[in-house]
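1. Pasted the sequence and its predicted model underneath.
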Amino acid sequence: SMKSTVVPNRNMILLSLAASVAIANDMNCVAYAAHAGDHAIYPDCRPVFFERMGYVLEVCHYDAVRIDAPFMDWDKGQIAQRGEQLHVPWELTWTCYEGGDVHCGACGACQERREALHGYCDPTSYAND
């Protein structure tokens, strides 16, 4: 079911927009939150995409824009663990691909969220609970 969530070229578009905003605001870095769990399904979350997009952003303007991708080698469980250490307000985050007022709890993204946050306080409201 996760393959149906692939949006072709999504991350190239979003990174290009982020780079434009960074350049307009005299910043030299954009953040990219792709993680190891995304590599199999999403071609634009793979290390080779990140590496080559980094080359493009280095030459897209007079001043290079760098991509910071701290989670490239992390799985969602490791990200959740770090989020807990940093006291991330999980209730302010959104994962679900279905939309709506609450997370559906059934889509692949919701299932991965539940797995990653298992053992931690998960304040997320899921429609199927």
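-> That came through fine. Residues are numbered from 1 along each chain as shown.
2. what's the burial count for the nearest residue to residue 98 once chain neighbours are set aside?
-> Closest residue in space to residue 98, ignoring its immediate chain neighbours: residue 104 at 4.1 Å, by C-beta to C-beta, 6 or more residues apart in numbering. (C-beta placed from N, C-alpha, C; glycine too.) Counted with other C-beta atoms under 10 Å, the neighbours of residue 104 add up to 17.
3. Show residues contacting the helix or strand of the chain with the lowest mean pLDDT.
-> Between all helices and strands in the chain, the lowest mean by mean pLDDT, DSSP states H and E belongs to helix 108-117, at a mean of 89. Residues outside helix 108-117 that contact it (C-beta atoms under 8 Å, 6 or more residues apart in numbering): 1-2, 5, 37, 75-77, 79-80, 90, 95-98, 103-105, 122, 124, 126.
4. can you do 7 Å?
-> 1-2, 5, 37, 76-77, 79-80, 90, 95-97, 103-104, 124, 126 (C-beta atoms under 7 Å, 6 or more residues apart in numbering).
5. what does stretch 120-128 give?
-> 80, 84, 90-91, 100, 102-106, 110, 113.
6. 6 Å - rerun?
-> 84, 90-91, 102-106 (C-beta atoms under 6 Å, 6 or more residues apart in numbering).
7. likewise stretch 35-54?
-> For stretch 35-54, contacts defined as C-beta under 6 Å, 6+ apart pick out 2, 11, 15, 34, 67, 69, 71, 73-76.
8. who's in contact with the spatially most central residue of the chain?
-> The structure's the chain has its C-alpha centroid closest to residue 33; by C-alpha atoms, centre = their mean the separation is 3.8 Å. By C-beta under 6 Å, 6+ apart, the contact list for residue 33 reads residue 71.
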